[in-house]
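Enquirer: Following is a predicted model, sequence given first.
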Amino acid sequence: MEKTLKGALIEYGSDFLGPIPNVVVFQFNPEKMSRTIEIPPRPVNATTRETSQAGEPPYERFTVDAQFSAADQRNSGNPIGLTMGVGPQLAALEAMVYPVQTEGGAIGAVVDAIGSLLGGSSANPVLPIPRVQSPKILFVWGLTRVVPVIIETMTINEVQYDSMLNPEEASVTIGLAVITPCNCCDDQIAQGALQYTQMMQDTLATVNLANTIAAVVDLIPF
């Protein structure tokens, strides 16, 4: 059976090889994703006829609808699903919106204990640790799109609850904007992700040219 890749939001620090503060893997890949490419106006005026002059570079926005359910965890006896529902996934997403400066206290110890009980594995990895700066986030979607983003909007719809009022089902609409790190900053991860994604897009465009070259030749009358 062919393995299906999962989309994910990955929060990272200055050293990607160090501890990853927060990872949310989409439990179910969204069935659709809206993409908008914002094109800033070109710098032309009444005395300029150079319409090909480029302005600010375009930037891209995404809107994804993520679904979360504790049903599978409850059916398998997973203690996180049984005691917290989808609360951990929602909390991890919310943590990507603003910095978290608390250390978790007793709750952190409980989560560590449950993680040890599970052998450090989970169908929906959630690894929060204290943070004191704005989150740096990568949006990973397949093998051709890994981009640094900021979360602009987040709408959480909790559908049903258990007896302790933990949400068992939730849908989350997430608005993302691709960011371009400044040339003088040290965010090599973001810069590398953008370069990789641009390389993959250029490759896909070249593949498309190979598929359409015959049709282009037929269109040219000379």
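Expert: Perfect, thanks for sending it.
Enquirer: Averaged pLDDT, the helix with the most length in the chain. What do you get?
Expert: Across the chain, the longest stretch assigned as helix under DSSP state H is helix 188-219. Average pLDDT, helix 188-219: 85.
Enquirer: try stretch 27-35
Expert: pLDDT averaged over stretch 27-35 gives 91.
Enquirer: And it, end to end?
Expert: From its first residue to its last, stretch 27-35 covers 21 Å (Cα to Cα, to the nearest Å).
Enquirer: now swap in stretch 181-191 and tell me
Expert: Note: stretch 181-191 ends 7 Å apart using Cα to Cα.
Enquirer: Would you mark the buried spots in that stretch?
Expert: Taking 16 or more other Cβ atoms under 10 Å as the neighbour-count basis, stretch 181-191 is seen to contain the buried residues 181, 189-191. (Glycine included, C-beta is placed from N, CA and C.)
Enquirer: Any idea how many residues pack against the nearest residue to Leu82 once chain neighbours are set aside?
Expert: Using Cβ to Cβ, 6 or more residues apart in numbering and skipping the chain neighbours, the partner closest in space to Leu82 is Arg74 (5.8 Å). Per other Cβ atoms under 10 Å, the neighbour tally for Arg74 reads 15.
Enquirer: so Arg74 touches Thr83, yeah?
Expert: No - using Cβ atoms under 8 Å, Arg74 is not in contact with Thr83, being 10.0 Å away.
Enquirer: Backbone dihedrals for Ser171, please?
Expert: Note on Ser171: its backbone torsions stand at phi -120, psi 140 [degrees, to the nearest 10].
Enquirer: do the same with Ser163
Expert: Main-chain dihedrals, Ser163, degrees, to the nearest 10: phi -70, psi -20.
Enquirer: Give me the local confidence score for it.
Expert: pLDDT, Ser163: 89.
Enquirer: For it, grab the count of nearby residues.
Expert: Residues within reach of Ser163, counting by other Cβ under 10 Å, total 5.
Enquirer: how far away is it from Ala71?
Expert: The gap separating Ser163 from Ala71 is 16 Å, by Cβ to Cβ, to the nearest Å.
Enquirer: Fine by me, thanks again.
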